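sharing a model that was predicted from the sequence below.
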Amino acid sequence: MGRLRAVLEVNEQDLKRLVSGQPVDVQVTALGIRIATQIDSVSTVPISEVGQGRTKPKYEVWCPLPEPDGRIVIGMRVEGTIQAAR
């Protein structure tokens, strides 16, 4: 198995403020742990469209999980806080 990554959803208006390497604090909800990482890449194709129960499209942001905790498994819910670009 390859390295794990966190996949975050962001609103369209936030895309212009995101850059590769930008710091991200990821919380693994079920385990109550936080992992410092960074943005690896940002999708340019929306994962949701207006009319699917959402009012605005969402885009994916991919963040690698360096040295992940052995308790983290594929499919676990995470939440991320993306820090402002410098």
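Yes, it's here.

stretch 78-85: which residues count as buried?
78, 80, 82 (16 or more other C-beta atoms under 10 Å). In short, each C-beta sits where N, CA and C put it, glycine included.

could you dump these to TSV with pLDDT?
Below are the buried residues of stretch 78-85 laid out as TSV (pLDDT from 0 to 100):
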residue	pLDDT
78	94
80	95
82	94
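
which phi and psi does residue 14 have?
phi -90, psi -20 (degrees, to the nearest 10).

what's the spacing between it and residue 82?
Going from residue 14 to residue 82 by C-beta to C-beta, to the nearest Å gives 8 Å.

residue 64 against residue 21, yeah?
No: at 11.4 Å, residue 64 does not count as touching residue 21 under the criterion of C-beta atoms under 8 Å.

and residue 1, what pLDDT?
Note on residue 1: pLDDT of 50.

same question but for residue 13, I mixed them up
88.

my guess is it is in a helix, correct?
Yes: judged by DSSP: H, G, I helix; E, B strand; the rest coil, residue 13 forms part of a helix.

quickly note the distance from the closest residue to residue 3 other than its chain neighbours to residue 20.
Distances taken as C-beta to C-beta, 6 or more residues apart in numbering put residue 64 closest to residue 3, at 5.9 Å, once the chain neighbours are dropped. Residue 64 is 11 Å from residue 20, where distance means C-beta to C-beta.

shared neighbours of those two, anything?
Contact criterion C-beta atoms under 8 Å, 6 or more residues apart in numbering; residues shared by residue 64 and residue 20: 38, 40.

quick one, which of those two is more surrounded?
The residue with more neighbours, out of residue 64 and residue 20, is residue 64; 17 against 10, by other C-beta atoms under 10 Å.

which residues touch that one?
So residue 64 contacts 3-5, 37-38, 40 (C-beta under 8 Å, 6+ apart).

isn't residue 82 right up against residue 9?
No: counting by C-beta under 8 Å, residue 82 does not reach residue 9; the two are 11.4 Å apart.

can you check which residues contact both of these two?
Jointly contacting residue 82 and residue 9 under the rule C-beta under 8 Å, 6+ apart are residue 61.

done for today, thanks.
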